[in-house]
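In: Sequence first, predicted coordinates after that:
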Amino acid sequence: MKNYKLKVKSEMKKLLFFSVVFFCSVQLITAQQKKENMIELLVKNSWIKTHPQLGIIEIAFKIDSTYTVKGIPDESIIGTYSLKGSELTFETETSCQMKGEYKIAITNETLNFSKKVDTCDGRSRLVPGLWKKK
């Protein structure tokens, strides 16, 4: 009877171990899929926003981690970005050399930026808020 209990206990530990490994694997796959879905939604469309002084501004993200901003008079902005989870960082930009960090929420129709840290005055006034799919 004692050997039987030890064997059952050992089998339960194995089952628990494999359950934890399986659960962690599923979580990693799900997180990777969410990241891929977020990138896919981000680059699938151009996004527009109506600015009170400038009118309609358009931003387009590309899969190669570059973006462009159109609609600002006498200026075309080109830069690079990185995306980690729901945090988007503007890495480089033709009009501002400082990074800007934003939390994003994205759907098929909207892209919302919430500023975390951005010392670039123009970008920090332009980017935050709700953008719509073009």
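Out: In hand now; what should we look at?

In: Could you list every helix and strand in contact with the helix or strand hosting Y81?
Out: Using DSSP states H and E, the element containing Y81 is strand 75-84. Where contact means 3 or more C-beta pairs under 8 Å, 6 or more residues apart in numbering; DSSP states H and E, strand 75-84 is packed against helix 2-44, strand 66-72, strand 87-93. Using the backbone N, CA and C atoms, a C-beta is placed for each residue, glycine as well.

In: Identify all contacting residues around the second one.
Out: Residues outside strand 66-72 that contact it (C-beta atoms under 8 Å, 6 or more residues apart in numbering): 51, 54-61, 76-81, 90, 126.

In: Mind giving me the ChimeraX command for buried ones among those residues?
Out: Only the buried members of the contacts of strand 66-72 enter the following ChimeraX selection, criterion being 16 or more other C-beta atoms under 10 Å:
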select :57,59,60,61,77,79,81,90,126
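
In: before we move on, back to that, let me see the mean pLDDT of the strand holding Y81.
Out: Per-region confidence: strand 75-84 scores 92 on mean pLDDT.

In: same thing with stretch 124-131?
Out: Mean predicted lDDT for stretch 124-131 stands at 95.

In: and what of stretch 95-115?
Out: Mean predicted confidence for stretch 95-115 is 94.

In: gap between C96 and V69?
Out: Separation of C96 from V69 (C-beta to C-beta, to the nearest Å): 11 Å.

In: And for K49?
Out: Distance from K49 to V69, by C-beta to C-beta: 10 Å.

In: Overlap of the contact sets of the two?
Out: Going by C-beta under 8 Å, 6+ apart, residues that sit against K49 and also against V69 are 57, 59.

In: What confidence value was assigned to the closest residue to G55 other than its chain neighbours?
Out: Closest residue in space to G55, ignoring its immediate chain neighbours: G71 at 6.5 Å, by C-beta to C-beta, 6 or more residues apart in numbering. At G71, the pLDDT value in this model is 91.
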